[in-house]
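Undergrad: Pasted the sequence and its predicted model underneath.
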Amino acid sequence: MKLKLTLLLCCVFGLTTLDTIAVPLDKVSGSSTGEAFKKVGAAGAQFLKIGVGARAEGMAGAYSAVTNDITAIFWNPAGLYQVQGTQAMFSYTNWFGGYTHNFAAFTMPLGSQFRFAASFVSLSSDNIEITTMSRPEGTGQTYSVNDAAINLTLSGKLTDQFTFGINAKYINNSFYNMNANGFAFDIGTNYETGIEGIKLAFSVHNLGGEQKYSGQSLNTVVKLVDALKASPLDASLNAYSFTIPITFRAGIAADLYKDEKSKVIGAFDFATLSDTPENYSFGAEYSWDDFVFVRGGYKFGHDNFGLGFGAGIKYNSGGLDGRLDYSASPTTNLGLVNRLSVIVGFN
């Protein structure tokens, strides 16, 4: 037990020294210590940062080294190799502000050395009333926001202890009659030390180019000189390009306690992002007879999320595996975020 705790604390201390590598120093005037952070809100496609899966969020996002299911597509694609057989998943999140966040995925083995997965993630709003300067009470029309990404993932084993994963994604951001599209990649690694269930994980997410909105609302009509009786000319507004939020994530997990019936997993994640200060997550999961699960965790450094908790049950019968998970994440100002996930596997 002392060996596990010592190794876990040493790795946590080492990971916290990585917070200087995510963004250039000339772009940052502070960090999570409370100083100003110049690039907050500067990146687009913010839905790419929303966590996937009730199990992971029940541990407050301390999951990159724990993940052994299809949600590895989001947290660390190297973890996808731990999935045995074929697996499908659907996760629903009741996001704040009338938004819903959905994740659907399917994975299958490619021989004994590789796993392949395809997934779809979306963030959608309710209908939003259109207002203008001249009609602030509303025009009678509505629009909606619909962001989505399609992911293709390949994970494989290099050695008995070292796995890798690569995720390619097509990203679409749209609202009203405007949209922006682009491609990005995730790369992840996972290392099993073989010591007391300790695992190390490192991943980089959303490596891609800039995106730019286009659409009908950028088309307009202008008159070059008001005094002349010339016909107005068709013109197009120029939209500024924007980046997507690059994320570096490192994590460690270990079996803190284990007997014939019970097991406790402890985990720590460090994440540093290109547009917000770094954050840290601690989480734990207790399982009884690999059937009932209780989870909890806390995220430090985030302006709205902190505590996370949840529970789940797992069902095994022959070649069929099923899991139902629920999590809740209270926010500082925006209410409670609820998640429900269902996973079905065939071995």
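TA: Received, thanks.

Undergrad: next one: whatever helix or strand A254 lives in to chain centre, how far?
TA: In this structure, A254 is located in strand 247-258 according to DSSP states H and E. Taking CA atoms, centre = their mean, to the nearest Å, one finds the center of strand 247-258 at 17 Å from the center of the full chain.

Undergrad: and after that strand, which helix or strand comes next?
TA: Toward the C-terminus from strand 247-258 - assigned by DSSP H and E - lies strand 262-273.

Undergrad: Buried residues in that next one, which are they?
TA: K263, I265, G266, A267, F268, D269, F270, A271, T272, L273 (16 or more other CB atoms under 10 Å). In this view, the C-beta of every residue, glycine as well, is placed from N, C-alpha and C.

Undergrad: re the thing from before, who are the packing partners of the strand holding A254?
TA: helix 2-15, strand 199-208, strand 262-273 (3 or more CB pairs under 8 Å, 6 or more residues apart in numbering; DSSP states H and E).

Undergrad: Pull the most distant pair out of the buried residues of strand 262-273.
TA: Within these, K263 and L273 form the most distant pair, 31.8 Å apart (CB to CB).

Undergrad: pLDDT below threshold where in the chain?
TA: Applying pLDDT under 70 to the chain flags the ranges 1-41, 226-228.

Undergrad: for it, what spans make up the helices?
TA: Using DSSP state H, the helices of the chain run over 2-15, 54-58, 72-75.

Undergrad: Residues in contact with the second one: which ones?
TA: Outside helix 54-58, the residues within contact range by CB atoms under 8 Å, 6 or more residues apart in numbering are 51, 63, 66-67, 69, 71, 74-75, 91, 283, 285, 293, 295-297, 308-312, 323, 325-327, 329, 339-341.

Undergrad: Dump that helix to PDB, keeping only the CA atoms.
TA: Output of helix 54-58 as PDB, limited to C-alpha atoms (Å, rounded to 0.1, in the frame of the first residue of the first chain):
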ATOM      1  CA  ALA A  54     -21.000   9.300 -17.200                       C
ATOM      2  CA  ARG A  55     -18.300   7.000 -15.700                       C
ATOM      3  CA  ALA A  56     -15.600   9.500 -16.600                       C
ATOM      4  CA  GLU A  57     -17.400  12.600 -15.400                       C
ATOM      5  CA  GLY A  58     -18.500  10.800 -12.200                       C
END
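
Undergrad: shift numbering so it begins at 47
TA: Sure thing, new numbering starts at 47, so read that last one as helix 100-104.

Undergrad: what distance separates it from the centre of its chain?
TA: For helix 100-104, the distance to the chain centre is 11 Å (CA atoms, centre = their mean).

Undergrad: Likewise for the shortest one?
TA: Centroid separation for helix 118-121 versus its chain: 7 Å, with CA atoms, centre = their mean.

Undergrad: then that helix to PDB, C-alphas only?
TA: Taking Å, rounded to 0.1, in the frame of the first residue of the first chain, the C-alpha atoms of helix 118-121 are listed here in PDB:
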ATOM      1  CA  ALA A 118     -11.300   6.400 -24.800                       C
ATOM      2  CA  ILE A 119     -12.000   8.000 -28.100                       C
ATOM      3  CA  PHE A 120     -12.400  11.300 -26.200                       C
ATOM      4  CA  TRP A 121     -10.100  10.800 -23.200                       C
END
